[in-house]
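Participant: Okay, predicted coordinates and the sequence, questions at the end:
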Protein chains: 2
Amino acid sequence: MTSHPRTRSTDLDPNLDAVLGASARDARVVAGVGRDRRAVWLREAALRLDAAAEELIALAAEETRLGEGRLVGELKRTTFQARLFAEGVTQGDLSRARVDHADPGWGMGPRPDIRRGFVPIGPVLVFAASNFPFAFSVFGGDTVSALAAGCPVVVKAHPGHVHLSRRTAEIVADALRAEGAPEGTFGLIEGVAAGTAAVTDPRIQAVAFTGSTSGGRALFDLAMSRPDPVPFYGEFGSTNPTVVTPAGWKHRADDIIAGFANSVSLGAGQYCTKPGIVFVPDAAAFLTLMPSLPVQPMLNDGVVEQYRDSTADMAARVGVALEREDNPGGAPRLFRVHVEDVRADPGLLSLEMFGPAALIVEYSDLADVEALLAGMPGQLTATVQGGEQIEPDEAELVGSLAFRVGRVLYNDWPTGVTVTSAQQHGGPYPATSAPLTTSVGTAAAERFLRPVAFQNVPAAALPADLQDT
Amino acid sequence: MTSHPRTRSTDLDPNLDAVLGASARDARVVAGVGRDRRAVWLREAALRLDAAAEELIALAAEETRLGEGRLVGELKRTTFQARLFAEGVTQGDLSRARVDHADPGWGMGPRPDIRRGFVPIGPVLVFAASNFPFAFSVFGGDTVSALAAGCPVVVKAHPGHVHLSRRTAEIVADALRAEGAPEGTFGLIEGVAAGTAAVTDPRIQAVAFTGSTSGGRALFDLAMSRPDPVPFYGEFGSTNPTVVTPAGWKHRADDIIAGFANSVSLGAGQYCTKPGIVFVPDAAAFLTLMPSLPVQPMLNDGVVEQYRDSTADMAARVGVALEREDNPGGAPRLFRVHVEDVRADPGLLSLEMFGPAALIVEYSDLADVEALLAGMPGQLTATVQGGEQIEPDEAELVGSLAFRVGRVLYNDWPTGVTVTSAQQHGGPYPATSAPLTTSVGTAAAERFLRPVAFQNVPAAALPADLQDT
């Protein structure tokens, strides 16, 4: 394995080395802390973040251009999420124990007593996202799911909100310290060099990332090139195709147009679940009926530039026309194309425009759309906008889309991802790099728990979850 | 992503292209087949393999030099395993459904009806192992777990038993055809070129591999270099450290020596779970008391050569002495070293000798062994051989070993891996490339099931598992 050289920690920035060293040193202690204590850690951090809401929201507003209403809601979501994981931990959602008692008559020969539980995977490196300064950042879903699982967390701050990240980290670290968590339970690092060095550091046992496919893929490649590759949970981009069926167009056109106008422009379209491609039977009518979309500031100058580039790329594709540009200097843009042109250039299905833009695709036969989407690259979501009652061809489309996405919706919109036990935020590559996992919802903690079987082990040495009750 | 060029199917061998094409073409049909039918497929194939036992065992004996007793037992294990998966499928072991009904009072804002189920990941490529011509080969654990999950399977035959592989594949294909499975449900390919081309083919959605770390790592790297990386479930090698505690040595020395002599030489030591490193308080006494080990033929000439190389490598390490060589021309070899030399050369902990050999490590303080093994590379198993009643330091050692291995045993031996619901055959790299999964036991099917959430989807379009009952 000489082709996979190991990063030597002596090459590391001393601060980074100290953070990684503390996480590795304390990993077993964190793993050994009872579930109830871990739940207390999460709740205490949530409590302190809520108490500091005014200060944190002011910092976030300074650094991200996101409106106060959005930021208030996002912080609420973030602390709710932490409490939901705390509840999941104490209720044993994460145990998934399997117990097989010894059986001398087992069909392949006598079997021993064997019990399967889970151990925390070890220190987790979390790359924060730009577009959710709370919910997918320092104390976001990746961090709380790893802490719930019993893993130390090292967060790589997003450069788009550095001061908010530092202040959030201080509050979280204070809360953990106050509740007796060891120092290595949580740490913050900054900068591209530190982030990439940490990905290949042998002390890191898993990586979680939320961001673009290109940036994420580079880090994924680094993690896979380690002498000891580790799981890389990358949540990347998505175009989130939405299909307005003939029945939907006939019976719910007004609802659908109002819903789309809201979903495409929510948060200035800066969501990985924004509906970026809409198949409609009549594109001209769809565009004519569309209300004016709100013009909102985007996160930061970098995002504005990427938005300009990706929409310019879209405008240059064969058959694509820019049909609506609500503000020439900036925001909402709607493009139009015929389904035949998408079939000729299937790359259009994965051309994400991060911002309030969408491609409206006109079609005449629903079967053509189903066939096209059956071969599309992986997506986080796909949506069917049907009539009042689901039709057989719509049900078939729902079933077919399930094979290419992480979440299928019917007569609903993909933005505003709820955090629950049954949520699934994932999908085949390039939507994510780990299609069997979710980054939202309590199942996200499973990403950081490794199964272990205990064979013929006396009760005194068994984890609590595996004891006979 | 220009750095990740896609393999063009026009470059492929026409036979390989036909097999991959059929698997992709029929993947949705296979996924849509009800669980009960898939169980029938597995049972019918098991029935026909059992009926052909005489012919198959004769072929296996010709190609592998494994004894008849072993082969009879292995075929029994193989068909038992298929039936266990069939039972698991019909009993809904794989559903793991999560249902959250709509809740207008949900803490972060009203939540829609959301239900999380699973879809088969798509065509699975299985690399057969050399050392289990039935149980980890054409119709082994990887194949039956993928079929149970609803995925088509393409098996890359192991060159060590080509005729057996072809005949097994014929019988399986006939059974599936007789029960109405589409042609693309199952296929066999041969040769290194076909295997590597298949790993990077866009029609393959997951890869399962059992074999050496070096061969497996090369294929893992290929799978990760795809434009669309896919899960790679590699089960590699392991040295399976065993610790004889002071209490074990005092109270159970005879039992332990007899158990070790059997486990290290079972199947000529050609198991990935063979106990390859044994820590004992008194190495000289341990070796003196050891009975003569049986000399058995090894699988094939390639394995004999690797065994010679790896044992020569061991003999050349500083502080290591060859203490027992029961037959100078071939088989059992026991080496001896002091724990201080292992501390100085930790690479000894991952030097696998595939065959009936082991390294006996003398220690005086159990805490030294625990500290050493706490930092060892990932292993499939670790074993504690303690006294009649577990002591506190033994329980602590069991708990510590759980962080580095997939299975921990107490007063038992790691060979003879039972197939049950609670089995876990895996571990951190380099034991496997997918530490959160198992390749043995019914949980192995989870490797091929991708979660999907259905939001606000009417009952008519929901999978059966997600319906309200």
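Facilitator: That came in fine, so what should we check first?

Participant: any idea how far residue A:107 lies from residue B:69?
Facilitator: 18 Å (C-beta to C-beta, to the nearest Å). In this view, the C-beta of every residue, glycine as well, is placed from N, C-alpha and C.

Participant: Which of those two has more residues huddled nearby?
Facilitator: Set residue A:107 next to residue B:69 and count neighbours by other C-beta atoms under 10 Å in any protein chain shown: residue A:107 wins out with 14 against 8.

Participant: excluding its backbone neighbours, what's nearest residue A:212?
Facilitator: residue A:237 (5.9 Å; C-beta to C-beta, 6 or more residues apart in numbering or on different chains).

Participant: who's in contact with stretch A:63-73?
Facilitator: A:53, A:57, A:60-61, A:74, A:133-134, A:160-164, A:267, A:296-300, B:109 (C-beta atoms under 8 Å, 6 or more residues apart in numbering or on different chains).

Participant: Would you mind putting the CA coordinates of it into PDB?
Facilitator: Taking Å, rounded to 0.1, in the frame of the first residue of the first chain, the C-alpha atoms of stretch A:63-73 are listed here in PDB:
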ATOM      1  CA  GLU A  63     -22.400  37.400   7.600                       C
ATOM      2  CA  THR A  64     -25.000  35.800   5.300                       C
ATOM      3  CA  ARG A  65     -27.500  38.300   4.100                       C
ATOM      4  CA  LEU A  66     -30.300  35.900   5.100                       C
ATOM      5  CA  GLY A  67     -33.400  37.600   6.500                       C
ATOM      6  CA  GLU A  68     -34.200  37.600  10.200                       C
ATOM      7  CA  GLY A  69     -37.400  35.600   9.800                       C
ATOM      8  CA  ARG A  70     -35.500  32.800   8.100                       C
ATOM      9  CA  LEU A  71     -32.700  32.900  10.600                       C
ATOM     10  CA  VAL A  72     -35.100  32.700  13.600                       C
ATOM     11  CA  GLY A  73     -36.800  29.700  12.000                       C
END
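
Participant: mean confidence score for it?
Facilitator: Averaged across stretch A:63-73, pLDDT comes to 93.

Participant: List the buried residues for it?
Facilitator: Using 16 or more other C-beta atoms under 10 Å in any protein chain shown as the test for burial, stretch A:63-73 gives A:63, A:64, A:65, A:66, A:70, A:71, A:73.

Participant: Get me the contact residues on the stretch 251-400 of chain A for chain B.
Facilitator: A:374, A:377, A:378, A:389, A:390, A:394, A:395, A:398, A:399, A:400 (C-beta under 8 Å from any C-beta of the partner chain).

Participant: now do 10 Å
Facilitator: Contact residues, the stretch 251-400 of chain A versus chain B (C-beta under 10 Å from any C-beta of the partner chain): A:374, A:377-378, A:381, A:383-384, A:386, A:389-392, A:394-400.

Participant: Can I have the buried ones of the residues you listed as a ChimeraX selection?
Facilitator: In ChimeraX syntax, the buried subset of those is picked out as below (16+ other C-beta under 10 Å):
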select /A:377,378,381,383,384,386,390,391,394,395,397,398,399,400
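
Participant: Select from the residues of the stretch 251-400 of chain A next to chain B every entry located in strands.
Facilitator: Counted as lying in strands by DSSP state E, out of those, are A:381, A:383, A:384.

Participant: Need the CA coordinates for stretch A:142-161. CSV is fine.
Facilitator: The C-alpha trace of stretch A:142-161 is given here as CSV (Å, rounded to 0.1, in the frame of the first residue of the first chain):
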residue,chain,number,x,y,z
ASP,A,142,-24.2,16.1,11.2
THR,A,143,-22.8,17.3,14.5
VAL,A,144,-25.7,16.3,16.7
SER,A,145,-26.2,12.9,15.0
ALA,A,146,-22.5,12.1,15.6
LEU,A,147,-22.7,13.3,19.2
ALA,A,148,-25.9,11.3,19.7
ALA,A,149,-24.0,8.2,18.4
GLY,A,150,-21.2,8.8,20.9
CYS,A,151,-18.6,10.2,18.6
PRO,A,152,-16.3,13.2,19.2
VAL,A,153,-16.9,15.9,16.5
VAL,A,154,-14.4,18.2,14.8
VAL,A,155,-16.2,20.8,12.7
LYS,A,156,-14.5,22.5,9.8
ALA,A,157,-16.1,26.0,9.8
HIS,A,158,-17.6,27.4,6.6
PRO,A,159,-15.8,30.5,5.5
GLY,A,160,-19.1,32.2,4.8
HIS,A,161,-19.9,32.7,8.5
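
Participant: Distance from the chain centre to it, please.
Facilitator: Relative to its parent chain, stretch A:142-161 has a centroid offset of 13 Å by C-alpha atoms, centre = their mean, to the nearest Å.

Participant: Stretch A:209-221 too?
Facilitator: Worked out by C-alpha atoms, centre = their mean, stretch A:209-221 lies 12 Å from the chain centre.

Participant: for that stretch, what is the average pLDDT?
Facilitator: 95.

Participant: Now do the buried residues in it.
Facilitator: Buried, per 16+ other C-beta under 10 Å, within stretch A:209-221: A:209, A:210, A:211, A:212, A:213, A:216, A:217, A:219, A:220, A:221.

Participant: Out of these, which sit inside helices?
Facilitator: Cross-referencing the buried residues of stretch A:209-221 against helices under DSSP state H gives A:213, A:216, A:217, A:219, A:220, A:221.

Participant: how about those in JSON lines, adding distance to chain B?
Facilitator: Below are these laid out as JSON lines (distance: C-beta to the nearest C-beta, whole Å):
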{"residue": "A:213", "distance to chain B": "8"}
{"residue": "A:216", "distance to chain B": "11"}
{"residue": "A:217", "distance to chain B": "7"}
{"residue": "A:219", "distance to chain B": "13"}
{"residue": "A:220", "distance to chain B": "7"}
{"residue": "A:221", "distance to chain B": "7"}
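
Participant: Now tabulate the residues you listed in TSV and tack on distance to residue A:463.
Facilitator: Output for these, formatted as TSV (distance: C-beta to C-beta, whole Å):
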residue	distance to residue A:463
A:213	38
A:216	34
A:217	37
A:219	33
A:220	32
A:221	36
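
Participant: hmm, back to that, and the two most separated of the buried residues of stretch A:209-221?
Facilitator: A:210 and A:221 (17.3 Å; C-beta to C-beta).
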